[in-house]
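1. fold the following and give me the result.
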Amino acid sequence: MLDRRHLLKLSVSAPLAWVLYRSDEARSQATASDVIDVHCHVFNASDVPVRGFVQRVVLGDEEGQIIIEPNPALRDAVIPAFLAFLVKLMSTGAPTAEQELEDIKTSSVREPPVSFERQVAEALEYVLSGAAPGVSEEGRRRLRESIIQEIGASEDADYESMAQGLSSGKGPKRSYVRFARKLKGYRRTLLAEAIDHYGGQNGVLLFTPSFVDFHGWLDSEQVSDLKSQIVLMERMQRLDWGETHMHSFVAFNPWRQIEDIDAGRSPSAFDLAKDAVENMGFVGIKLYPPMGFLPIGNKGSHLCYPERATRICNFLTKLDAALDTMYAWAEEKGVAVMAHATNSQGAAKDYALRARPDRWAPVLAKYPNLRLNLGHFGGFDEVADDQKLDETWEYFFGRLIKSGSYHCVFADMSYLNEVLPGHARRASTLRYLRDFLRQYDPDCDRLMYGSDFAMLVLEARYQDYLASFRSYISGLELSESARSRLYRDNAVKFLGLNKNAPTRNRLEAYYKDHKLDPAWLTRFDRDSH
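-> Alright, predicted model coming up:
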């Protein structure tokens with residue numbers, strides 16, 4: 001099984017196949033319950049800077065967590081070659097946001113020029129034939145050996161047969177190839193898959209997918225611009241998803257905001273985010289501190305920042321100002337802010353440490369009414385043989401919520417792959433969760449459900465995640481009201497979906513503007529305690 005912390009370094013999107021509209025039978029089975037999936041994704045490879053994303057985030061793990069090659073003797077040589085393969089595979093072919101929006105309008109399907117298996121074969125040939133720069137002969141040889149061993153092919157296997165083997169079945173490299181297939185397709189296809197897996201009777205009523213903006217922090221650029229992504233996601237919110245609903249988190253990147261202000265560009269990154277939330281049915285803001293910034297207090301922190309940031313005059317002062325502006329608006333307007341808060345997805349060495357929960361204490365001291373969700377709770381990754389619980393990021397979160405009157409600070413339990421059957425840390429993590437609840441959150445007032453779909457496609461049984469999560473959480477012996485808070489009520493409070501709450505009011509206005517029926521929102525009106 002792949003390591004949880006490493007898998008959190010991946011981003012996600014839709015599969016290559018087109019399944020926007022499900023059959024009437026499938027749709028009739030998708031009557032959802034009141035579960036809210038507060039942390040998921042449906043962006044694709046055109047929405048991220050592929051080269052920097054793959055090199056620095058997907059496979060740029062400084063802590064040796066990469067499990068592409070289980071044999072330590074092969075690992076160091078295999079990783080650079082496999083990196084080049086993934087970059088090549090994911091760099092072309094994903095529909096841009098503008099293309100997908102046009103395809104929605106025309107009910108069209110954009111077919112790839114060649115099959116996915118052929119794309120895999122071409123990427124393998126590019127690397128193994130010696131065309132990829134920076135890949136040693138030893139690396140090429142070791143990668144070929146490793147692939148052949150994983151798929152059980154003969155030593156003289158050609159690119160096509162290796163591609164077929166990598167495109168099916170189980171194994172570390174196959175998981176990444178499956179991930180690449182998803183990343184090259186339609187965003188709405190992936191959402192339809194999430195609904196089919198996790199909707200249904202007693203399933204998810206509301207998905208709140210977030211997208212990302214890594215501009216500046218990674219040294220390459222995405223193809224789909226931020227505005228196009230916002231327009232597409234807004235249009236997707238109005239598609240017919242049966243009994244399930246979708247409202248997005250918009251990315252806010254302070255680096256982009258700095259550049260927009262310095263260049264006098266309008267609308268700026270913050271203007272786009274504000275418009276998405278206030279007028280386009282988005283439910284909140286998504287931040288990625290592990291890209292390289294503290295939630296606040298960058299100036300005077302004495303931390304290192306990307307060299308290219310030195311080209312911007314007073315970068316750290318402007319960085320804090322951009323974040324401050326967003327927090328002040330979010331607190332005033334009751335806007336939910338979600339931040340990546342686990343030790344992963346760092347754009348450079350130690351950058352991920354800037355996402356630690358206690359780093360948010362100065363923000364909350366200044367903005368105590370901020371609606372905040374710190375994502376990816378529950379893995380207790382820093383524990384060693386039942387020791388060092390106090391040093392886990394979960395305990396940093398516990399001390400944070402105990403340190404002040406922060407009534408709208410939460411953590412979501414997304415991509416908790418320890419819940420899946422057979423995980424080596426399944427039992428121990430349950431013990432740690434019990435201990436955390438006993439000390440810091442006895443009524444389960446602060447935890448929320450999230451899937452982190454579609455990263456879950458890297459797990460062999462990702463389709464069963466919600467059922468496995470429920471079975472696992474039953475071991476905590478929570479009361480019925482505590483379970484309701486975990487799956488629904490805490491998210492209602494965080495998002496502001498209850499009657500007369502800020503987000504609810506904005507959504508009702510949005511529905512009225514687009515002549516949509518807001519009746520389903522009344523399901524959030526029951527007393528949450």
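
2. my read is that Glu102 contacts Ser108, right?
-> Yes. Contact criterion C-beta atoms under 8 Å: Glu102 and Ser108 qualify, at 7.4 Å. All C-beta spots, glycine's among them, are computed from the backbone N, C-alpha and C.

3. give me the low-pLDDT residue ranges for this protein?
-> 1-32, 57-74, 527-529 (pLDDT under 70).

4. ok, the residue of it most remote from its centre to Met162 distance?
-> Here the chain reaches farthest from its C-alpha mean at Asp156, the gap being 39.0 Å by C-alpha atoms, centre = their mean. Plainly put, Asp156 is 11 Å away from Met162 if you go by C-beta to C-beta, to the nearest Å.

5. so Tyr406, which of the three states?
-> coil (DSSP: H, G, I helix; E, B strand; the rest coil).

6. and it, how far from Ala491?
-> Separation of Tyr406 from Ala491 (C-beta to C-beta): 17 Å.

7. same deal with Ser33?
-> The value you get for Ser33 to Ala491, if C-beta to C-beta is used, is 13 Å.

8. go on, Pro254?
-> For Pro254, the distance to Ala491 - C-beta to C-beta - is 26 Å.

9. of those two, who's got more company?
-> Ala491 (29 against 26; other C-beta atoms under 10 Å).

10. for the more buried one, which non-adjacent residue is closest in space?
-> Ile36 (3.9 Å; C-beta to C-beta, 6 or more residues apart in numbering).

11. partner residues bridging that neighbour?
-> Beta bridges link Ile36 to Leu206, judged by DSSP bridges.

12. next, count neighbours for it.
-> By other C-beta under 10 Å, neighbour count at Ile36 equals 25.

13. contacts only, for it.
-> 204-206, 208, 448-449, 487-488, 491-492, 495 (C-beta atoms under 8 Å, 6 or more residues apart in numbering).

14. and the strand or helix carrying Val492, how far out from the chain's middle?
-> Assessed by DSSP states H and E, Val492 sits inside helix 490-495. Put simply, helix 490-495 sits 19 Å off its chain's centre (C-alpha atoms, centre = their mean, to the nearest Å).

15. swap in stretch 160-168?
-> On C-alpha atoms, centre = their mean, the centre of stretch 160-168 falls 28 Å from the chain's centre.

16. buried ones in it?
-> 161-167 (16 or more other C-beta atoms under 10 Å).

17. with stretch 410-428 instead?
-> So, applying 16+ other C-beta under 10 Å, buried residues of stretch 410-428: 410-420, 423, 425-426.

18. just name the closest of those residues to Lys499, please.
-> Phe410 (19.9 Å; C-beta to C-beta).

19. show me where the stretch 351-500 of the chain has helices.
-> With helices called from DSSP state H, counting those that start in this stretch, the stretch 351-500 of the chain shows them at 361-366, 393-402, 426-440, 465-473, 480-484, 490-495.

20. out of these, which one sits most buried?
-> helix 490-495 (a mean of 26; mean count of other C-beta atoms under 10 Å).

21. so what touches that helix?
-> 36, 38, 208, 283-284, 336, 371, 373, 408, 410, 444-449, 497-498, 503, 524, 528.

22. quick check: the residue farthest from the centre of the chain is in a helix.
-> No. In this structure, Asp156 is coil, not part of a helix, as judged by three-state DSSP.

23. quick one: it and Arg144, what's the gap?
-> For Asp156, the distance to Arg144 - C-beta to C-beta - is 11 Å.

24. now the strands for the protein?
-> Ranges of strands in the chain, per DSSP state E, are 35-40, 204-209, 245-246, 249-251, 284-287, 336-340, 371-375, 409-412, 447-448.

25. in TSV, list the ones you listed along with distance to Ala460.
-> Converted to TSV, the strands of the chain look like this (distance: least, C-beta to C-beta, whole Å):
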stretch	distance to Ala460
strand 35-40	19
strand 204-209	21
strand 245-246	26
strand 249-251	28
strand 284-287	28
strand 336-340	25
strand 371-375	23
strand 409-412	23
strand 447-448	25
